[in-house]
Structures are given as structure tokens and as C-alpha cells.
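K.L.:
no sequence on this one, just coordinates:
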Ligand SMILES: [Zn+2]
């Protein structure tokens, strides 16, 4: 079996600074609003802090989304 050559994702959360999804090979289905913010190549390039158009404070991610824990906080207590 050849290894999957696709690059991994460096997924971070908009609301917290968890890094445990840095390097996943597929995007988790329980995260929402996942957006590609930069390519892996860009994420691995040192950030030029003098550049006028910085993406955001999380320069290492390729994707940003809302993790399940923060989804719960956003929506408040679940109504059952
Ligand atoms: Zn989160």
C-alpha cells in the first residue's frame, strides 16, 4: 500500500488555543466552520511581521474552525 501523499492539516480553533489538531490527516467532522486560512507551505514559512496583511495571530494553522468544546460554549447550555 502506498502511503497517502496528501499533506496533513494544521487545524486550530477560532476560540481557544488548542493545538491537538495540528497535523491531522483529515478534518474532523465534529468541528464547524472550518476554513482554509493558508496553505501548508505558507504555514511553514516564517511570518513577516512587517507585512501589512497578516492573516491573524495564528500563523501556524492551515485551517481554522470551531472545536466541539467551543461550539457548546457558543450555543449555551443545550435545551433538552
Ligand atoms: Zn475551541
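P.N.:
Great, that's in hand. Owing to the predicted nature of the structure, the values given are computational and were not obtained by experimental measurement. Numbers count the residues shown, from 1 in each chain.

K.L.:
looks to me like residue 41 is in a strand.
P.N.:
No: assessed with DSSP: H, G, I helix; E, B strand; the rest coil, residue 41 is helix; it does not lie in a strand.

K.L.:
tell me how far it lies from residue 10.
P.N.:
11 Å (CB to CB, to the nearest Å). All C-beta spots, glycine's among them, are computed from the backbone N, C-alpha and C.

K.L.:
again with residue 24
P.N.:
According to CB to CB, residue 24 and residue 10 sit 8 Å apart.

K.L.:
so for those two, which sits in the more crowded spot?
P.N.:
Per other CB atoms under 10 Å, whichever of residue 24 and residue 10 has more neighbours is residue 10, with 21 against 14.

K.L.:
secondary structure class for that one?
P.N.:
Relying on three-state DSSP, one would call residue 10 strand.

K.L.:
now it. Nearest residue, chain neighbours left out?
P.N.:
residue 62 (4.5 Å; CB to CB, 6 or more residues apart in numbering).

K.L.:
any idea how far the ion is from that neighbour?
P.N.:
17 Å (CB to the ion, to the nearest Å).

K.L.:
ok, residue 36 next?
P.N.:
Residue 36 sits 18 Å away from the ion, going by CB to the ion.

K.L.:
same check, this time on residue 69
P.N.:
Distance from residue 69 to the ion, by CB to the ion: 5 Å.

K.L.:
for that residue, which non-adjacent residue is closest in space?
P.N.:
Counting by CB to CB, 6+ apart, the residue nearest residue 69 is residue 16, at 7.0 Å.

K.L.:
tell me the contacts of the one you found?
P.N.:
Applying CB atoms under 8 Å, 6 or more residues apart in numbering to residue 16 gives the contacts 67, 69-70.

K.L.:
ditto for residue 11
P.N.:
Contacts of residue 11 (CB under 8 Å, 6+ apart): 21-22, 24, 27-28, 31, 34, 61-65.

K.L.:
can you add pLDDT and secondary structure and give those residues back as a markdown table?
P.N.:
Conversion of the contacts of residue 11 to a markdown table gives the following (pLDDT from 0 to 100; DSSP: H, G, I helix; E, B strand; the rest coil):
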| residue | pLDDT | secondary structure |
| --- | --- | --- |
| 21 | 96 | coil |
| 22 | 93 | strand |
| 24 | 94 | strand |
| 27 | 95 | coil |
| 28 | 96 | coil |
| 31 | 97 | coil |
| 34 | 96 | strand |
| 61 | 90 | coil |
| 62 | 90 | coil |
| 63 | 93 | strand |
| 64 | 93 | strand |
| 65 | 95 | strand |
